[in-house]
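>>> Coordinates only, no sequence provided:
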């Protein structure tokens, strides 16, 4: 029985070390899994109580996911393609948070933006080459749900 426990402990230790090498960094990024999952303060890779200098959303919880095509283009010098997308889920209903909750779907459409063949009716442009195809959330005081945009089709990928 003791040897079985030792094997499990050693195996869990090895798995834990392997996960740590490929897991989340101190800011909340897990580049191997293409995820960010942490307090939004770390999204700008600067733990200073702000998000790019603004404290409004720093305590909100942020979960981001991005596609392999997004990862290849943004972090590995690959070309941008119709398969490049990311999602953001902001949860400000946490202690010290903004009180807002937002969901975003963002796709690459190229510098042509609205005239790109990848553009989807109903979205809006962001960051010069991207389209937000879904943006909705809730705000407090008064509590209401807002649909900012809903591009059609609203699925991810080319």
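Structure's in. What do you need? Computed from a predicted structure; not experimentally measured. Numbers count the residues shown, from 1 in each chain.

>>> Surely residue 135 touches residue 90?
No. The pair residue 135 / residue 90 is not scored as a contact, 10.8 Å apart, by Cβ atoms under 8 Å. Backbone N, C-alpha and C define where each C-beta goes, glycine included.

>>> shared neighbours, these two?
Residues touching both residue 135 and residue 90 by Cβ atoms under 8 Å, 6 or more residues apart in numbering: 102, 103.

>>> which residues of this structure fall in strands?
Secondary structure of the chain (DSSP state E): strands at 29-30, 35-39, 61-66, 85-91, 101-108, 124-126, 130-139, 144-150.

>>> Show me the shaky parts of the protein.
Within the chain, the ranges that satisfy pLDDT under 70 run 1-21.

>>> beta partners for the residue most central in space within the chain?
In the chain, the residue lying closest to the centroid (Cα atoms, centre = their mean) is residue 64, at 1.5 Å. For residue 64, the beta-bridge partners are residue 36, residue 88 (DSSP bridges).

>>> what sits against it?
35, 36, 37, 43, 86, 87, 88, 89.

>>> Let's have the strands of the chain in CSV, adding distance to residue 53.
Formatted as CSV, these follow (distance: least, Cβ to Cβ, whole Å):
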stretch, distance to residue 53
strand 29-30, 20
strand 35-39, 16
strand 61-66, 16
strand 85-91, 17
strand 101-108, 19
strand 124-126, 19
strand 130-139, 22
strand 144-150, 23
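
>>> returning to what we had before: is it possible to get JSON lines of the contacts of residue 64 that adds distance to residue 144?
Formatted as JSON lines, these follow (distance: Cβ to Cβ, whole Å):
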{"residue": "35", "distance to residue 144": "30"}
{"residue": "36", "distance to residue 144": "27"}
{"residue": "37", "distance to residue 144": "27"}
{"residue": "43", "distance to residue 144": "26"}
{"residue": "86", "distance to residue 144": "26"}
{"residue": "87", "distance to residue 144": "22"}
{"residue": "88", "distance to residue 144": "20"}
{"residue": "89", "distance to residue 144": "19"}
